[in-house]
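Engineer: Generate a structure from the sequence data that follows.
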Amino acid sequence: MTNLGFETTLKLDYETALEKVTEALKVEGFGVLTSINVRETMKQKLDVEFRKYAILGACNPPLAHRALSARPDVGLLLPCNVLVYETDGGTVVNITDPLAIFDFLNDPSVAPIANEAHERLQRVAKSLAKFA
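Structural biologist: Just a heads-up that it's a prediction; the model follows:
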């Protein structure tokens, strides 16, 4: 099975982990465009309890601009998703690996952009490891 992201479990409560993830993304030029509260959605739509779970849509505007300029349909793969969810051992953070997502395109025009995004998001994951 292919790894789709960079995963780590942080020894932080969920709310603190969300803050640390957002801060780490900012350091690498990513902002959070969207935030889906899965727990709240499950309660509202299905009336079921679910763990604290967020899907963050992270975007680095210069990288997104380059990718969309090279290939407009790459917007189907944006933004980069970041999962943050509560578990018994702390909070799991899983950051999309752009190389895993863009690999199937096999398009040289977006390869360098995917590589740069990969490196930046890998640094985000590594910076969070101090909380593991």
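Engineer: Now do the helices in the protein.
Structural biologist: Assigned by DSSP state H, the helices in the chain fall at 14-27, 38-46, 61-70, 98-102, 111-128.
Engineer: which one of the ones you listed lies closest to residue 90?
Structural biologist: helix 14-27 (7.6 Å; CB to CB). To be clear about C-beta, it is placed using only N, CA and C from the backbone, and glycine gets the same treatment.
Engineer: next one: that closest one to chain centre, how far?
Structural biologist: Chain-centre distance of helix 14-27: 11 Å, with CA atoms, centre = their mean, to the nearest Å.
Engineer: tilt between that helix and helix 111-128?
Structural biologist: Relative orientation of helix 14-27 and helix 111-128, computed by axes from the mean of the first three to the mean of the last three CA atoms, to 10 degrees: 140 degrees.
Engineer: mind listing what's buried in helix 14-27?
Structural biologist: For helix 14-27, burial by neighbour count (16 or more other CB atoms under 10 Å) applies to 14, 17-18, 20-22, 24-25.
Engineer: what about residue 132, neighbour count?
Structural biologist: Residues lying near residue 132 (other CB atoms under 10 Å) number 12.
Engineer: In this structure it contacts residue 9, no?
Structural biologist: Yes - using CB atoms under 8 Å, residue 132 makes contact with residue 9 at a distance of 6.2 Å.
Engineer: Chain neighbours aside, what residue packs nearest to the residue positioned nearest the centre of the chain?
Structural biologist: Nearest residue to the geometric centre of the chain (CA atoms, centre = their mean): residue 82, 2.2 Å. Nearest non-adjacent residue to residue 82, counting by CB to CB, 6 or more residues apart in numbering: residue 56, 4.2 Å away.
Engineer: count of neighbours near that neighbour?
Structural biologist: 23.
Engineer: Kindly state the beta-bridge partners for it.
Structural biologist: Per DSSP bridges, the residues bridged to residue 56 are residue 35, residue 82.
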